[in-house]
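J.: what would the 3D arrangement of this be:
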Amino acid sequence: MNYSKFSKENLRDHMNDLELIFTMLGEASTTRIARNKDAKGFGQNKIAAREGGIVAGIARKELEKRSSQKVVSSDNYLKEPEKEKRKRIGKG
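T.: Residues are numbered from 1 along each chain as shown. Now for the predicted structure:
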């Protein structure tokens, strides 16, 4: 497969709503943890990122347990890059 044509594709274009929500939860948690711990440098920020990911992971697993459905799905993978789709729609 030629991955070069996908190099400018946004990973978030391939996520469903819950995947986006849990990604954002991990990012927001990481930011808050890093700021509260006054993280400096790669090492401290790496630790904050791991902790933020744990927060989002726990929330995701809890939802999956209570809803009996997986959050992550391969069904939302875009076959056509968003850039190509926009070109095609714009010409029509």
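J.: report the central residue of the chain.
T.: By CA atoms, centre = their mean, the chain has its centre lying nearest to Thr23, at 4.0 Å.
J.: which stretch of helix or strand covers that residue?
T.: Using DSSP states H and E, Thr23 sits within helix 17-36.
J.: need the contact list for Glu27.
T.: Residues in contact with Glu27 (CB atoms under 8 Å, 6 or more residues apart in numbering) are Gly52. In short, each C-beta sits where N, CA and C put it, glycine included.
J.: again, only using 10 Å
T.: Residues near Glu27 by CB atoms under 10 Å, 6 or more residues apart in numbering: Ala49, Gly52, Gly53, Ala56.
J.: which of the residues you listed count as buried?
T.: Ala49, Gly52, Gly53, Ala56 (16 or more other CB atoms under 10 Å).
J.: what is the nearest of those to Arg35?
T.: Checking the buried ones among the contacts of Glu27 against Arg35 with CB to CB, the nearest one is Gly52 at 11.2 Å.
J.: give the residue spans of this protein that score low on pLDDT.
T.: Filtered on pLDDT under 70, the chain yields the residue ranges 1-8, 76-86, 88-89, 91-92.
J.: all strands for this protein, in order.
T.: Counting by DSSP state E, no segments of the chain form strands.
J.: in it, which helix is the longest?
T.: helix 41-67 (DSSP state H).
J.: show me which residues of that helix are buried.
T.: Under 16+ other CB under 10 Å, the buried positions of helix 41-67 are Ala48, Ala49, Glu51, Gly52, Gly53, Val55, Ala56, Ala59, Arg60.
J.: please name every helix or strand in contact with that helix.
T.: Secondary-structure packing of helix 41-67 (3 or more CB pairs under 10 Å, 6 or more residues apart in numbering; DSSP states H and E): helix 17-36.
J.: what angle separates the helix it packs on from helix 41-67?
T.: Between helix 17-36 and helix 41-67, the angle formed by their directions is 140 degrees, by axes from the mean of the first three to the mean of the last three CA atoms, to 10 degrees.
J.: ok now helix 17-36, how far from the chain's centre?
T.: Its chain's C-alpha centre and that of helix 17-36 lie 9 Å apart, by CA atoms, centre = their mean, to the nearest Å.
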